[in-house]
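# here is the input, now give the coordinates:
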Amino acid sequence: MLENATLADLPAFRCAHAQNTQAGTGCTVIVAPEGAVCGVDVRGGGPATRETDLLKPENMVQLVHAVVLSGGSAFGLEASCGVMEALAARGIGFKLGDAHVPIVTGACLFDLLVGENAHPDLAMGKAAAQAALSDSYEGFLAEGNVGAGTGASVGKMLGGEGAMKTGFGMAGLRWGDLACVALVAVNALGHVVSADGRQIAGTRDGKGGIADPIETFERAMAAQTTEAAGGPTANTTIGCVLTNARITKAQATKTASCVHDAYARAIHPVHTLNDGDTVFTFASGEVEATPDAVSVLATEAMQRAIERAATQADSAYSLPSAKDCGTC
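Below is the predicted model of the structure:
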């Protein structure tokens, strides 16, 4: 029987946010102090990623020490350097002589036009990692306008006008001892749609509701605004599934691929040239499980997490949220 899971079911991972709410940007850090297997699948046409080539199954590195989800477009990759410094200072990473080299991978979304023109930097990444490793860590992670979701928004097919505020969401499922928890920052060109087909967040129709995503896309095509609304990594949904399953690097990569099904179910349209959509799978290896079981739980958890990224966000930066529009 399926049950809800939380970060408490996955003690091998420690997660924390850091953000600048005035600037409208932030980062979310997931640390595996002992290292964990990691895979990735990048589907969007404009990704901003770090060390994802290391995650290819044929490459040497087998354990990763942190995944960083960040705002700031390519500038936000700097936050991962701060995470590396914080981990190395704690002796986390591969020991090479007197040095420790933590493997830190990550992805960024574009939030430079929300709030102020600012981005997560080395200090912010270090602060998030230190919070995750703190002795007072309680295994709780906030949702909404926090971390990588601080400046997130959706519904930008007609440009910034009519967009809505989204943020960071999380959901987990457990089947027996097997647990999967999905974390995601939703910053899509398209709309967020519930499992029953309701429009939760997207381009506003000017009448207090949300426009149909297909009709909106047709209008954007006719007005040739989709390109203007884009550019490299101009949107991007970035997420990570944490699991206690014992799977290989290749199987983690396959799970990340399957989890993109959740993106396709919940975001319309998705994986466009103006998105850098990315999914990581981070597996700590305590529980025997079939790869298919992991993929199914991970995909279902991610679909729920995407919905929560829309429903838990608050209005900010002149963008209304689903809470205020009554579409939750």
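# which stretches of the stretch 201-328 of the chain form helices?
With helices called from DSSP state H, counting those that start in this stretch, the stretch 201-328 of the chain shows them at 213-223, 249-266, 291-311, 322-325.
# quick one: low-confidence parts of the stretch 201-328 of the chain?
224-234, 328 (pLDDT under 70).
# cutoff 50 now
In the prediction, the stretch 201-328 of the chain carries residues with pLDDT under 50 at positions 226-233.
# shouldn't Ala8 be within a helix?
Yes: residue state for Ala8 (DSSP: H, G, I helix; E, B strand; the rest coil) corresponds to a helix.
# distance of the nearest residue to it once chain neighbours are set aside from Leu7?
Excluding the flanking residues, the one nearest Ala8 by CB to CB, 6 or more residues apart in numbering is Gly139, at 5.0 Å. No exception for glycine: its C-beta is placed from N, CA and C like everyone else's. Per CB to CB, to the nearest Å, Gly139 is found 5 Å from Leu7.
# between the two, which is the more surrounded one?
The residue with more neighbours, out of Gly139 and Leu7, is Leu7; 20 against 13, by other CB atoms under 10 Å.
# and that one, what does it touch?
By CB atoms under 8 Å, 6 or more residues apart in numbering, the contact set of Leu7 is 13, 15, 139-141, 172, 181, 242.
# so for the longest strand along the chain, mean pLDDT?
Longest strand of the chain, by residue count under DSSP state E: strand 25-42. For strand 25-42, mean pLDDT rounds to 98.
# packing partners for that strand?
strand 14-20, strand 64-70, helix 78-89, strand 104-108, helix 122-132, strand 178-185, helix 249-266, strand 278-287 (3 or more CB pairs under 8 Å, 6 or more residues apart in numbering; DSSP states H and E).
# tabulate these (a markdown table), appending distance to Arg198 and mean neighbour count.
Shown next, in a markdown table, are the helices and strands packed on strand 25-42 (distance: least, CB to CB, whole Å; neighbours: other CB atoms under 10 Å):
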| stretch | distance to Arg198 | mean neighbour count |
| --- | --- | --- |
| strand 14-20 | 28 | 23 |
| strand 64-70 | 26 | 31 |
| helix 78-89 | 34 | 23 |
| strand 104-108 | 28 | 29 |
| helix 122-132 | 33 | 23 |
| strand 178-185 | 19 | 30 |
| helix 249-266 | 11 | 22 |
| strand 278-287 | 24 | 25 |
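# CSV please, covering these and showing distance to Ala313.
Putting the helices and strands packed on strand 25-42 into CSV (distance: least, CB to CB, whole Å) gives the following:
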stretch, distance to Ala313
strand 14-20, 13
strand 64-70, 16
helix 78-89, 21
strand 104-108, 19
helix 122-132, 19
strand 178-185, 10
helix 249-266, 15
strand 278-287, 20
